[in-house]
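Participant: Let's see this in three dimensions:
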Amino acid sequence: MTSAPGGAPSAARPASGPYVPRKLPRRRSRRRARFLWTLVAVVAGLVVLLGALVGVGYLRLPSAPPPSVTVSQVDWTVLEGTTSKGVGWFGSSSFNYSLAEGFPLTVTAGSSFSVVWTTMNWDTAPHTVSSVSVSSPFTLDRSTPGVPITAAAGEDDVGFSFTIGVPSSASGSYVLDVTVTTS
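Facilitator: Here you go, the predicted structure:
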């Protein structure tokens with residue numbers, strides 16, 4: 001050992017060239033790199049898992065609320081014969097539901113609503129309500145009671161409730177046309 005100026009001992013330097021400090025082990029940076037790669041792998045795995053759950057429909061991404069659909073009125077057409085007095089078997093062959101019956105009605109696209117029809121068989125013979133159809137874009141989801149159904153001669157309070165489906169793609173204002181076929 002040699003003494004440095006001021007009397008403190010100093011490490012001996014090799015005689016061949018300038019002093020080069022030893023490189024320290026890089027354990028910390030290896031640990032850090034391993035941690036970062038593990039973190040990247042976990043995040044990537046979560047992204048793939050969430051993407052798969054959205055893809056199969058288990059998770060839904062937030063979206064805008066469904067649009068509103070306004071049914072401004074219901075126009076009815078009853079395809080029927082007439083009694084010997086010239087009156088339709090089930091009354092008037094065409095009529096509409098408007099303000100007095102609760103229309104206009106605003107519903108959400110993709111939902112359904114009900115329309116009720118109560119009538120009477122004005123004839124002296126039984127007649128059948130054989131089918132009911134509705135105008136596009138609506139669908140007839142259910143009829144209670146189901147059709148066909150026969151009304152006895154002179155039967156009063158022949159009541160129907162029709163569940164009308166509104167497609168999720170619909171928006172705006174519509175007139176619902178209901179056609180009832182009888183025999």
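Participant: Pretty sure residue 132 sits against residue 182.
Facilitator: No. With contacts counted by C-beta atoms under 8 Å, residue 132 stays clear of residue 182, the gap being 10.1 Å. (Each C-beta comes from the backbone N, C-alpha and C, glycine too.)
Participant: more neighbours, these two?
Facilitator: residue 182 (21 against 17; other C-beta atoms under 10 Å).
Participant: For the closest residue to the more buried one other than its chain neighbours, grab the count of nearby residues.
Facilitator: The shortest distance from residue 182 to any non-neighbouring residue, by C-beta to C-beta, 6 or more residues apart in numbering, is to residue 80 (4.4 Å). Residue 80 is flanked by 23 other residues according to other C-beta under 10 Å.
Participant: Can you check what pLDDT the model gives residue 80?
Facilitator: For residue 80, the pLDDT comes out at 92.
Participant: ditto for residue 102
Facilitator: The per-residue pLDDT of residue 102 was computed as 85.
Participant: residues of stretch 43-53 that come out buried?
Facilitator: Buried residues in stretch 43-53, counted by 16 or more other C-beta atoms under 10 Å: none are found.
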